[in-house]
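A.B. asks: Model the following, please.
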Amino acid sequence: MSTKIKHPIFARIYQRLSASMEAAGVAEHRKRLLTGLVGRVVEVGAGNGLNFSHYPDTVTEVIAIEPEPYLRARAVLAAQNATVVKISVIDGDAEHLPLDDASVDCAVASLVLCSVPNQSAALAEIRRVLRPGGELRFYEHVRASNMWLSRFQRLVDPIWTRFAGGCRLTRNTLEAIQAAGFVVDECEQFLFQPRLAAKIAAPHILGRAHKS
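C.D. replies: Have a look, this model is predicted:
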C-alpha cells in the first residue's frame, strides 16, 4: 500500500543528524526500550531502522512499518545487517497497519507518536493487532509539564510541525496511551537535551504498557 507520506527534506536532515543523536544518548534509550522483548513484533514508524540492532535474539520476527520512502529505503539496508531472525520493512502507516487482528506479541512506538496525523487512531490500530495481553513499548517526546515550556511549545508548534515532518510538541502521549485502552505498567519521565536546540522537545517518556 502506498501511503503517499513524503517529507524528503526532513528525512534527509534526520538521516544526517541521527548518528550524533544516537551517540548522545538515544541509542541507550533504544536499548532499554527493547530489552526483554519476545516473539513477533510490529514496529510502527521504523524510520531509518535505528532500532534494529538493539532487538534481542528472543525476538523471532519484526514487521517494520515506515511510510516515508527515503527513510524506508535506509531501513531496508539496516535490516540486512540486523541480528534478529527476520525483519520485514513494509510501506504503511500507523493508522492502517497491514496486519491481522491479534497477530503480534508486542508493538514498538519509538519517536513516532509525536508525528502520526491521528494519534488516537494509531493507538487503536496498535491495540487491534496486539494479542490479548500483548505489550506496547513506547519512547516519545511529549508536552512539557512545566507551564512556561508548555506555553512556548504551543506557541512554536505550528512552525515546528511544518518543518519537522509533522512532529508535534504538544501531545500528552502517556494520557493518549491510557485512553486507548492500555494499562501502563512502567513509565519513566525525564528530560533529554543532547543539545541546546533540543530543549523545546526535552520532556520524554519511556515505558511499557499492555493491552487490557
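A.B. asks: tell me which strands and helices the one helix or strand residue 210 maps to is in contact with?
C.D. replies: Using DSSP states H and E, residue 210 sits within strand 203-211. Packing contacts for strand 203-211, counted by 3 or more C-beta pairs under 8 Å, 6 or more residues apart in numbering; DSSP states H and E, involve helix 27-34, strand 130-141, helix 173-179, strand 182-191. Where C-beta positions appear, they are placed from N, C-alpha and C, glycine not excepted.
A.B. asks: Kindly reformat these as a markdown table and extend each row with mean pLDDT, mean neighbour count and distance to residue 47.
C.D. replies: Converted to a markdown table, the helices and strands packed on strand 203-211 look like this (pLDDT from 0 to 100; neighbours: other C-beta atoms under 10 Å; distance: least, C-beta to C-beta, whole Å):
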| stretch | mean pLDDT | mean neighbour count | distance to residue 47 |
| --- | --- | --- | --- |
| helix 27-34 | 97 | 18 | 11 |
| strand 130-141 | 98 | 20 | 12 |
| helix 173-179 | 98 | 17 | 17 |
| strand 182-191 | 97 | 13 | 21 |
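A.B. asks: export the ones you listed to CSV and tack on distance to residue 151?
C.D. replies: Shown next, in CSV, are the helices and strands packed on strand 203-211 (distance: least, C-beta to C-beta, whole Å):
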stretch, distance to residue 151
helix 27-34, 27
strand 130-141, 17
helix 173-179, 19
strand 182-191, 17
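A.B. asks: how about the ones you listed, which one is nearest residue 79?
C.D. replies: In terms of C-beta to C-beta, the element of these nearest to residue 79 is helix 27-34, at 14.9 Å.
A.B. asks: quick one, which of the helices and strands packed on strand 203-211 is nearest to residue 149?
C.D. replies: Counting by C-beta to C-beta, residue 149 lies closest to strand 182-191 out of the helices and strands packed on strand 203-211; the figure is 9.7 Å.
A.B. asks: Return the list of strands paired to that closest one, each annotated with direction.
C.D. replies: Next to strand 182-191 in the sheet, as set by DSSP bridges, lie strand 203-211 (antiparallel).
A.B. asks: Using PDB, write out every CA atom in the strand it pairs with.
C.D. replies: The C-alpha coordinates for strand 203-211 follow below in PDB (Å, rounded to 0.1, in the frame of the first residue of the first chain):
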ATOM      1  CA  PRO A 203      10.500  16.100  28.000                       C
ATOM      2  CA  HIS A 204      10.400  12.400  27.200                       C
ATOM      3  CA  ILE A 205       8.700   9.200  28.400                       C
ATOM      4  CA  LEU A 206      10.000   5.600  28.100                       C
ATOM      5  CA  GLY A 207       8.000   2.700  29.300                       C
ATOM      6  CA  ARG A 208       5.700  -0.300  28.600                       C
ATOM      7  CA  ALA A 209       2.000  -1.000  28.700                       C
ATOM      8  CA  HIS A 210      -0.200  -3.900  28.000                       C
ATOM      9  CA  LYS A 211      -3.500  -4.500  26.100                       C
END
